[in-house]
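Colleague: Below is the sequence, then the predicted model.
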Amino acid sequence: MSSIDIVLVLDASGSMAHLINDTVGGVNHFLEQQRAEPGDAYVTLATFDTSFNQRYQAVPIRQVEPLTRETYFSGHGGGTALLDAVGKEITHYESLPIKADKTMFVIDTDGEENSSVEWTFERITALIQKHEQEGWAFVFLGANNSAWQGERLGMQSVGAYVASPAGMRAKYDRLADNVGVTRRGVRSAAAETRDLKWDTGEG
């Protein structure tokens, strides 16, 4: 069974304030489901608004503490510097001396880029294309008509969801199922994820 690095990059901008509890519950549900899967998994969590906060990096999934309101949203609530968050997290991950057999980035936002200052769509697209050729998977989950940004970044796994309690549950259920399929598959993470359905509803 292949090992996997699961990298979660979660929007914690002001528009997510009414979904804090749903995000916390969804992430914890996702982690519980992944703990039940065979094989080793390592989890990285980054949260962002106009700032970027890497909460932890490459922690064995059985050692990951449950997410709380504070560890998700503390220090956030501003704008959406999506590109800066994705660029920073990819470069942080690139610097790890040891990586799992499979790599899967999950970028989740309920809104559109509005405040990045370091990274552009073009630079992120080039970085993603480079690593997809190496087998890394990049999944973009967007609500409120924001999923188009994943397509603009050249990601082959893009899903829309509804920014509501029910929509959040559906999103995390789909994510858990699809990550499980990716972990059990014999192909690269990129090859496995591009064949999966990611939409759970209109954004």
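Modeller: Great, that's in hand. Residues are numbered from 1 along each chain as shown.
Colleague: in the strand or helix carrying Asn178, what's buried?
Modeller: Taking DSSP states H and E as the criterion, the element that holds Asn178 is helix 165-184. Neighbour-count burial for helix 165-184, counted by 16 or more other Cβ atoms under 10 Å, picks out 167-172, 174-176, 178-179, 182-183. Placement of C-beta: from N, CA and C, glycine included.
Colleague: mind listing the strands for this protein?
Modeller: Along the chain, counting by DSSP state E, strands occupy 4-11, 41-48, 52-60, 102-109, 137-143, 157-161.
Colleague: So which of those strands is the most surrounded?
Modeller: For these, the stretch with the most neighbours on average is strand 137-143, a mean of 27; neighbours defined as mean count of other Cβ atoms under 10 Å.
Colleague: quick check, distance from it to the centre of its chain.
Modeller: 7 Å (Cα atoms, centre = their mean, to the nearest Å).
Colleague: same for it, what does it pack against?
Modeller: strand 102-109, helix 121-132, helix 148-152, strand 157-161, helix 165-184, helix 189-193 (3 or more Cβ pairs under 8 Å, 6 or more residues apart in numbering; DSSP states H and E).
Colleague: Reformat the strands of the chain as a markdown table; add mean pLDDT and distance to Thr80.
Modeller: Compiled in a markdown table, these are given as follows (pLDDT from 0 to 100; distance: least, Cβ to Cβ, whole Å):
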| stretch | mean pLDDT | distance to Thr80 |
| --- | --- | --- |
| strand 4-11 | 98 | 7 |
| strand 41-48 | 98 | 8 |
| strand 52-60 | 97 | 12 |
| strand 102-109 | 98 | 7 |
| strand 137-143 | 97 | 11 |
| strand 157-161 | 96 | 16 |
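Colleague: Determine which of the ones you listed approaches Glu118 most closely.
Modeller: strand 52-60 (9.6 Å; Cβ to Cβ).
Colleague: partners of the closest one in the sheet?
Modeller: For strand 52-60, sheet partners with direction are given as strand 41-48 (antiparallel), following DSSP bridges.
Colleague: what inclination does the strand it pairs with have with respect to strand 102-109?
Modeller: Orientation note: strand 41-48 sits at an angle of 30 degrees relative to strand 102-109 (axes from the mean of the first three to the mean of the last three Cα atoms, to 10 degrees).
Colleague: Pick out the residue nearest the middle of this structure.
Modeller: The centroid of the chain falls nearest to Val106 when counting by Cα atoms, centre = their mean (2.1 Å).
Colleague: got the buried residues for stretch 58-68?
Modeller: Of the residues in stretch 58-68, Ala58, Ile61, Val64, Leu67 count as buried by neighbour count, 16+ other Cβ under 10 Å.
Colleague: Give me the nearest residue to the third one, chain neighbours excluded.
Modeller: Ranked by Cβ to Cβ, 6 or more residues apart in numbering and with sequence neighbours excluded, the top spatial neighbour of Val64 is Val43, at 5.2 Å.
Colleague: What's opposite that neighbour in the beta bridge?
Modeller: Here Val43 shows beta-bridge partners Ile6, Val59, assigned using DSSP bridges.
Colleague: who's in contact with it?
Modeller: Applying Cβ atoms under 8 Å, 6 or more residues apart in numbering, one finds that Val43 lies in contact with Asp5, Ile6, Val7, Leu8, Leu31, Gln34, Tyr56, Ala58, Val59, Pro60, Ile61, Val64.
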